[in-house]
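Participant: From the sequence below, what's the structure:
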Amino acid sequence: MYKKLKSVFFVALGCLALNTAEAQTINNSKFGKGLQFVAADSSFSLKFGTRFQMLYQGAINNSTNQLDDRFLIRRARLKFEGFAYSPKLEYKIELGLSNSDIGNDNPAMANNADNIILDAVAKWNFSPGWELWVGQTKLPGNRERIVSSQKMQFVDRSLLNSRFNIDRDAGLQLHHTHTFGTAVVREIASVSMGEGRDITVNNAGGYDYTAKVEVMPFGEFAGDGAYVGSDLAREETPKLAIAAAYDFNDEASRARGQLGDFLSGHRDLHTVFLDAMFKYRGFSSMAEYANSTAKDGPVVLRTDEGAVEETFVTGNAFNLQAGYLFPSNWEIAGRYTTYNPEKATRLSAQEQYTLGVSKYIVGHSLKVQSDVTLQDQPGRENTYLFRLQMEVAL
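Facilitator: Predicted coordinates for the structure are as follows:
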């Protein structure tokens, strides 16, 4: 049934695209910018884009020297955005098509979460400097998560992000931007469901509340570069962004708040994020810190022998990365990440050292990236991870 519905959806989408192309005028379309349409009466606009990532990944364990590798479609996306009725009311829809996007190799086992809808959000600019967002999209958490998976400096995000990011959720967000001289200040507050994207059952716990403040003392980055990996704009003057965010997930029911397994018990989760981004003439660096705690302790269920069977992911992590983009659009970058789970969880601490090389052919729209990572876990043999990925975004 799922496959049939999916096929019907894409047939309908193709017909809509053909009809729209005949009825409207294509303008400002070029590689990496999608197809753009504006209604004859300027009552709406539509930009359609698509992208995918082809990934090779291999891992070697020090003790066995055995190579475990695979090819896969890491991400495959369809993106729709534009304005509706007025340029002050924008919208964005993003769909994920790969198994990694959906969240499970078997859609029937998706546990009422992690389906094809990634973003479905309307953004109303109701007053200068103010926007109200309604729908499902990324929460204002750590910088690395907000950076699009298309615009990352490495093949994928860090261990900090995989353990502590608050991801996407459905609800309301209020954004405010203002300036003090050359400095730009942004404040964001959100209220959301607290259980992640596309939940189809009743809320098992309470709501999620997030607040974030960001300061750019030297002004805006070129091309929204505060949320783009690498300094492709080659900033002519130093640019810095510093941010702090706090997230309270009331009676969370999933192991990582908006992500992870649904657990048999609930906990109040408190997460703090601190981050910074710096760019200047091809050099870029980013630092992040995350700390998550659970009221009444993270462990929900133990076996009769006392082993942890269900737990929330709590503890802290730190990530530091930097890179330099040469005039030839080759980039070399390094990353260090440390993850320290709370002892009660019995989860394994880990340090990762990553060296990456990228070639940007058409910015982040057409690029090839590769990296090698040393995974160091106390009490276990080290593992080396090799990745090579191609990104194509139309």
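
Participant: can you give me the helices in the stretch 1-150 of the chain?
Facilitator: Along the stretch 1-150 of the chain, the segments classed as helices by DSSP state H, counting those that start in this stretch run 2-23, 99-102, 143-146.

Participant: any idea how far the residue nearest to residue 144 when sequence neighbours are not counted lies from residue 188?
Facilitator: Among residues not flanking residue 144 along the chain, residue 161 sits closest, at 4.8 Å (CB to CB, 6 or more residues apart in numbering). Backbone N, C-alpha and C define where each C-beta goes, glycine included. Applying CB to CB, to the nearest Å, the value for residue 161 to residue 188 is 18 Å.

Participant: thinking again about what came up before, before we move on, which element is the residue nearest to residue 144 in?
Facilitator: Here residue 161, judged by DSSP states H and E, is contained in helix 159-164.

Participant: Send over that helix as PDB, restricted to the C-alpha atoms.
Facilitator: Written as PDB, here are the backbone C-alpha positions of helix 159-164 (Å, rounded to 0.1, in the frame of the first residue of the first chain):
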ATOM      1  CA  LEU A 159      29.100  12.800  16.600                       C
ATOM      2  CA  LEU A 160      27.900  15.700  18.800                       C
ATOM      3  CA  ASN A 161      25.000  16.300  16.300                       C
ATOM      4  CA  SER A 162      24.000  12.600  16.100                       C
ATOM      5  CA  ARG A 163      23.700  12.300  19.900                       C
ATOM      6  CA  PHE A 164      22.200  15.700  21.000                       C
END
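
Participant: And the next helix or strand after that helix, what's buried?
Facilitator: Using DSSP H and E, the helix or strand that follows helix 159-164 in sequence is strand 168-180. Across strand 168-180, burial judged by 16 or more other CB atoms under 10 Å covers 168-171, 173, 175.

Participant: Between those residues, which sits nearest residue 57?
Facilitator: Nearest to residue 57 among the buried residues of strand 168-180: residue 168, at 24.0 Å, using CB to CB.

Participant: excluding its backbone neighbours, what's nearest that closest one?
Facilitator: residue 197 (4.3 Å).

Participant: Need the phi and psi values for that neighbour.
Facilitator: Dihedral pair for residue 197: phi -80, psi 140, per degrees, to the nearest 10.

Participant: Doesn't residue 347 lie inside a strand?
Facilitator: No. Read with DSSP: H, G, I helix; E, B strand; the rest coil, residue 347 is coil and lies in no strand.

Participant: Correct me if wrong: residue 153 contacts residue 230.
Facilitator: Yes. If you go by CB atoms under 8 Å, residue 153 and residue 230 touch, sitting 5.0 Å apart.

Participant: which residues are common contacts for those two?
Facilitator: Common contacts of residue 153 and residue 230 (CB atoms under 8 Å, 6 or more residues apart in numbering): 284, 323, 331, 333, 358.

Participant: just checking, which of the residues you listed belong to helices?
Facilitator: Under the assignment DSSP state H, those contribute nothing to helices.

Participant: among these, which two are most distant?
Facilitator: Farthest apart among the shared contacts of residue 153 and residue 230 by CB to CB are 284 and 358. That separation is 11.7 Å.

Participant: Low-confidence ranges, the chain, go.
Facilitator: 1-28, 103-114 (pLDDT under 70).

Participant: make it 50
Facilitator: For the chain, the stretches with pLDDT under 50 are 1-2, 4-5, 8, 11-12, 15-18, 20-23, 105-112.

Participant: For this structure, which residue occupies the most central location?
Facilitator: residue 145 (3.6 Å; CA atoms, centre = their mean).
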